[in-house]
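Asks: no FASTA, just this:
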């Protein structure tokens with residue numbers, strides 16, 4: 001599976017999940033469609049098709065209009081299909097992004113709330129007691145741009161997202177027994193406003209600089225939501241070059257939710273990049289996906305990235321490397337016993353990296369030091 005994904009990355013020379021274009025074309029049309037293959041211990045084997053088309057125009061970077069589409073299934077009963085549009089500079093300095101998406105999970109995880117949820121869980125993720133059936137069509141629109149000029153590190157954005165979550169609890173399940181707020185599902189419309197201070201030397205494979213991000217999100221009747229709640233996300237990503245071959249990368253994220261928060265939002269965070277947890281390949285590797293969830297989530301990720309060598313493939317440089325990492329996270333939730341502040345859930349591991357232009361393929365092995373359970377993740381792009 002890893003070999004197949006590397007071949008796709010080499011042929012496209014772009015990250016297939018984002019369908020970013022090749023640079024340097026000023027006029028004309030470009031497009032590509034590729035089979036998509038991935039694997040991780042949370043989703044199983046994933047397969048599908050992803051493609052993109054780009055219209056180039058003088059004075060528009062990296063393109064004038066970008067279109068993308070994906071059809072994706074996994075052997076664990078997960079579906080993720082989308083259509084997307086990206087218009088850099090469509091409205092003067094503003095970048096316009098639109099996405100229509102449908103997600104379906106026949107076994108969406110639910111372990112209850114809090115930092116010590118489901119202490120009896122033994123690792124059987126297929127157990128219906130810890131799962132429910134979820135479907136969620138979604139649409140979102142985002143406007144972002146540099147208010148102080150293209151070369152300035154400040155970026156701001158505003159977005160609106162609307163999702164209709166259908167919840168079907170299994171009869172013999174923890175969700176059916178606990179009946180938390182949100183059991184009836186329904187619409188959640190969110191208004192997001194955020195700002196980034198971006199000093200990275202590169203967006204896809206940075207070696208110096210960092211990104212600070214703050215995001216506020218609001219949900220209520222005026223936004224088309226059945227539930228009334230607010231959220232605040234603070235994130236820091238920092239990259240430090242240690243000689244010619246090593247880079248130390250660090251991320252720290254804090255996400256807080258307030259108000260009438262439905263249970264299916266406990267694991268979500270705000271921000272430009274999608275993150276969920278605590279647990280899984282976007283937050284704490286080595287722990288089951290969304291194993292610990294609640295209104296307040298904190299996770300920290302430390303990676304030592306090693307660039308072993310560089311070769312040329314199809315005329316372009318390709319970097320081969322490895323990484324060692326330590327992830328930690330914990331949650332707080334009202335009305336449950338979350339334990340002392342220092343009781344975090346750690347995961348440790350190592351991985352391989354292949355990078356060619358904007359394409360980064362990663363393969364990670366992770367271990368939960370609490371339970372001894374092991375997990376494998378193969379995906380596209382750095383974790384942060």
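Replies: Cool, got the structure. Not measured: the values here are computed from a predicted model.
Asks: identify the bridge partners of the residue nearest to residue 223 when sequence neighbours are not counted.
Replies: Of all residues not flanking residue 223 in the chain, residue 189 sits nearest, at 3.7 Å (CB to CB, 6 or more residues apart in numbering). The C-beta positions use only the backbone N, C-alpha and C, and glycine is treated the same way. Assessed by DSSP bridges, residue 189 has beta-bridge partners residue 162.
Asks: and residue 189, what's its pLDDT?
Replies: Residue 189 is assigned 97 on the pLDDT scale.
Asks: same deal with residue 4?
Replies: Model confidence at residue 4 (pLDDT) stands at 40.
Asks: got it, and residue 10?
Replies: pLDDT, residue 10: 40.
Asks: need the strands for the stretch 201-350 of the chain, in chain order.
Replies: Along the stretch 201-350 of the chain, counting by DSSP state E, counting those that start in this stretch, strands occupy 209-219, 229-242, 246-259, 296-313, 316-332, 345-356.
Asks: pipe those into CSV and attach mean neighbour count per row.
Replies: Converted to CSV, these look like this (neighbours: other CB atoms under 10 Å):
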stretch, mean neighbour count
strand 209-219, 19
strand 229-242, 18
strand 246-259, 18
strand 296-313, 17
strand 316-332, 19
strand 345-356, 20
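Asks: contact partners for the closest residue to residue 152 other than its chain neighbours?
Replies: Counting by CB to CB, 6+ apart, residue 146 is the residue found nearest to residue 152 once chain neighbours are left out, at 5.5 Å. The contact partners of residue 146, taken as CB atoms under 8 Å, 6 or more residues apart in numbering, are 93, 152, 154-155.
Asks: which two from these end up farthest apart in space?
Replies: 93 and 154 (12.2 Å; CB to CB).
Asks: what touches both of those two?
Replies: 146-147.
Asks: before we move on, back to that, phi first, then psi, for the residue nearest to residue 152.
Replies: Backbone geometry at residue 146, expressed as degrees, to the nearest 10, gives phi -90, psi 100.
Asks: please tell me how far it sits from residue 109.
Replies: As for residue 146, its distance to residue 109 is 38 Å (criterion: CB to CB, to the nearest Å).
Asks: cool, residue 68 as well?
Replies: Distance of residue 68 to residue 109, given as CB to CB: 28 Å.
Asks: ditto for residue 226
Replies: Distance, residue 226 to residue 109, by CB to CB: 22 Å.
Asks: residue 39: helix or strand, and which one exactly?
Replies: When elements are assigned from DSSP states H and E, residue 39 belongs to strand 28-40.
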